[in-house]
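Asks: below are the sequence and a predicted model for it; my questions follow.
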Amino acid sequence: MLVVMKPGATDENVAQVCRKIESMGFRPHPMPGALRTAIGITGNSGPLEPAEFETLPGVAEAIPVSKPYKLVSRELKDEPSLIPVGPPEAGVVVGGPELAIIAGPCAVESRDQIFAAADRVQRAGARMLRGGAFKPRTSPYAFQGMGEEGLQLLAEVRREFGLMIVTETIDPENCDLVEQYADVLQVGARNMQNFSLLKRVGRSKKPVLLKRGLSATLDEFLMAAEYILSEGNYNVILCERGVRTFADHTRNTLDLSVIPAVKAASHLPIIVDPSHGTGKRDKVLPLARAAVAVGADGLIVEVHPDADHARSDGYQSLYPDQFEGLMREITPIAAVLGRTTSFSPAELAARP
């Protein structure tokens, strides 16, 4: 059920509807919009009738929601959600006119490595740095990350370069620690249906970057996001990172058709990971261009200052010069769609 308030409804009108919902054993989810507030209702306490709410002050109408994902649906909120990252003075917003560009190595390996990566991606126009301190890997013998030491290095990077930090949390117990350092909590593809983790990040005050599972359908992807919103965290950024198919010319098959599909079904922003989506360095740039052209709200790209010797995913990581080229090429594509980037050729050339 969706309760739509009138444009002139007061805060007390909204609060009265929320109290009514809670008294019936359900949970209210107010979603302020540009012109009016909509209140989603979740829970399993039985059927609801629109008449229960339509007589309350300030209510315009009560509408049954047909989608299984109620809070992420366009039926709840028609205008796109804007997700603020970091403090307001950082000015980083995902889903707005400026493309959200997240770049950096797959994993934090050392202080020199992560500082060198941060310096180069920040120069080229990235506003957020990716870097894993905890790395769930297919092989138990592969590099698993530096743990809290890696998180501390990421915090140093934020102080030095002003980049917002995106890093992965791998389980509910690990989340408390990652929250202390990260600006965005990443839920990786392998954890997209780790429902305990989804509920835990749903109780966080930090935005969540949710990656699509290796074989997840659109509905499964959006239902995973629904888990997070149902716990009260409405700041969710979706990420397409490729799915498993029969194709063997790339690591995964990057499903760019899901971008317009998500935008038709949901108000949440969606970015694209062309690094994991292809698994091959030479495919990252053309797929990044395509992702921007198809309407993605941003990119998350692996960039390593010494990619040939990276401890994880070096074969799909761009060299810093290649990332600068990527920013140079996507900027005019973004402009065609009324979007911008932070790439500045003049500023880049002026720096030592």
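Replies: Cool, the structure landed. Residues are numbered from 1 along each chain as shown.

Asks: going by C-alpha atoms from here, please, whenever you check contacts or count neighbours.
Replies: OK.

Asks: so how far is stretch 313-325 from its chain's centroid?
Replies: 21 Å (CA atoms, centre = their mean, to the nearest Å).

Asks: now do it: distance from first to last residue.
Replies: Stretch 313-325 has its terminal residues 20 Å apart, counting by CA to CA, to the nearest Å.

Asks: give the buried residues for it.
Replies: Applying a neighbour-count criterion of 16 or more other CA atoms under 10 Å, one finds 313, 314, 315, 316, 317, 318, 319, 320, 322, 323, 324 buried in stretch 313-325.

Asks: wait, what's in contact with residue 307?
Replies: 314, 315, 317, 318, 319 (CA atoms under 8 Å, 6 or more residues apart in numbering).

Asks: against residue 100, how distant is the fourth one?
Replies: What that stands for is residue 318. Using CA to CA, residue 318 is found at 18 Å from residue 100.

Asks: same check on the last one?
Replies: Counting by CA to CA, the gap between residue 319 and residue 100 amounts to 20 Å.

Asks: the first one now?
Replies: Relative to residue 100, residue 314 is positioned 23 Å away (criterion: CA to CA).

Asks: make TSV out of the contacts of residue 307 and add secondary structure.
Replies: Formatted as TSV, the contacts of residue 307 follow (DSSP: H, G, I helix; E, B strand; the rest coil):
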residue	secondary structure
314	helix
315	helix
317	coil
318	strand
319	coil
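
Asks: list the residues that contact the spatially closest residue to residue 287 that is not a sequence neighbour.
Replies: Closest residue to residue 287 apart from its sequence neighbours, by CA to CA, 6 or more residues apart in numbering: residue 274 at 5.9 Å. Listed by CA under 8 Å, 6+ apart, the contact partners of residue 274 are 241, 242, 254, 283, 284, 285, 287, 288, 299, 300, 301.

Asks: doesn't residue 279 make contact with the second one?
Replies: No: shown here, residue 242 and residue 279 do not form a contact pair, counting by CA atoms under 8 Å, at 9.5 Å.

Asks: more neighbours: the two, which one.
Replies: residue 242 (28 against 22; other CA atoms under 10 Å).

Asks: same list, the contacts of residue 307, but as a markdown table with distance to residue 307 and pLDDT please.
Replies: A markdown table is the format used below for the contacts of residue 307 (distance: CA to CA, whole Å; pLDDT from 0 to 100):
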| residue | distance to residue 307 | pLDDT |
| --- | --- | --- |
| 314 | 5 | 91 |
| 315 | 7 | 94 |
| 317 | 6 | 96 |
| 318 | 7 | 97 |
| 319 | 6 | 97 |
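
Asks: how about CSV for these, with distance to residue 329 added?
Replies: Shown next, in CSV, are these (distance: CA to CA, whole Å):
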residue, distance to residue 329
314, 22
315, 22
317, 18
318, 14
319, 15
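
Asks: before we move on, the earlier item: and for residue 242 and residue 279, which residues touch both?
Replies: residue 252.

Asks: would you map the helices across the stretch 251-352 of the chain?
Replies: According to DSSP state H, counting those that start in this stretch, the stretch 251-352 of the chain carries its helices in the segments 258-265, 274-278, 281-293, 320-336, 345-350.

Asks: now the angle from the first one to helix 281-293?
Replies: Using axes from the mean of the first three to the mean of the last three CA atoms, to 10 degrees, the direction of helix 258-265 lies 30 degrees away from that of helix 281-293.

Asks: hang on, the earlier thing: quick check, nearest of the contacts of residue 307 to residue 179?
Replies: residue 317 (26.0 Å; CA to CA).

Asks: ok, now which ones touch that closest one?
Replies: 105, 106, 275, 280, 281, 301, 302, 303, 304, 307.

Asks: from the residues you listed, which land in strands?
Replies: 301, 302 (DSSP state E).

Asks: now tell me which helix or strand of the chain has the poorest mean pLDDT.
Replies: Counting by mean pLDDT, DSSP states H and E, the chain has its least confident helix or strand at helix 345-350, which shows a mean of 74.

Asks: show me what that one is packed up against.
Replies: helix 111-124 (3 or more CA pairs under 8 Å, 6 or more residues apart in numbering; DSSP states H and E).

Asks: buried ones in the helix it packs on?
Replies: Neighbour-count burial for helix 111-124 flags 111, 113-124 (criterion: 16+ other CA under 10 Å).

Asks: next, format those as a markdown table and append pLDDT and distance to residue 44.
Replies: Formatted as a markdown table, the buried residues of helix 111-124 follow (pLDDT from 0 to 100; distance: CA to CA, whole Å):
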| residue | pLDDT | distance to residue 44 |
| --- | --- | --- |
| 111 | 96 | 49 |
| 113 | 97 | 50 |
| 114 | 97 | 47 |
| 115 | 98 | 49 |
| 116 | 97 | 51 |
| 117 | 97 | 48 |
| 118 | 97 | 46 |
| 119 | 96 | 50 |
| 120 | 96 | 50 |
| 121 | 97 | 47 |
| 122 | 96 | 47 |
| 123 | 94 | 50 |
| 124 | 95 | 49 |
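
Asks: a helix runs through residue 178, doesn't it?
Replies: Yes: judged by three-state DSSP, residue 178 forms part of a helix.

Asks: now do the strands in this structure.
Replies: Ranges of strands in the chain, per DSSP E, are 2-5, 27-32, 37-42, 59-63, 83-85, 92-94, 100-104, 128-130, 164-168, 184-187, 208-211, 236-240, 270-272, 298-302.
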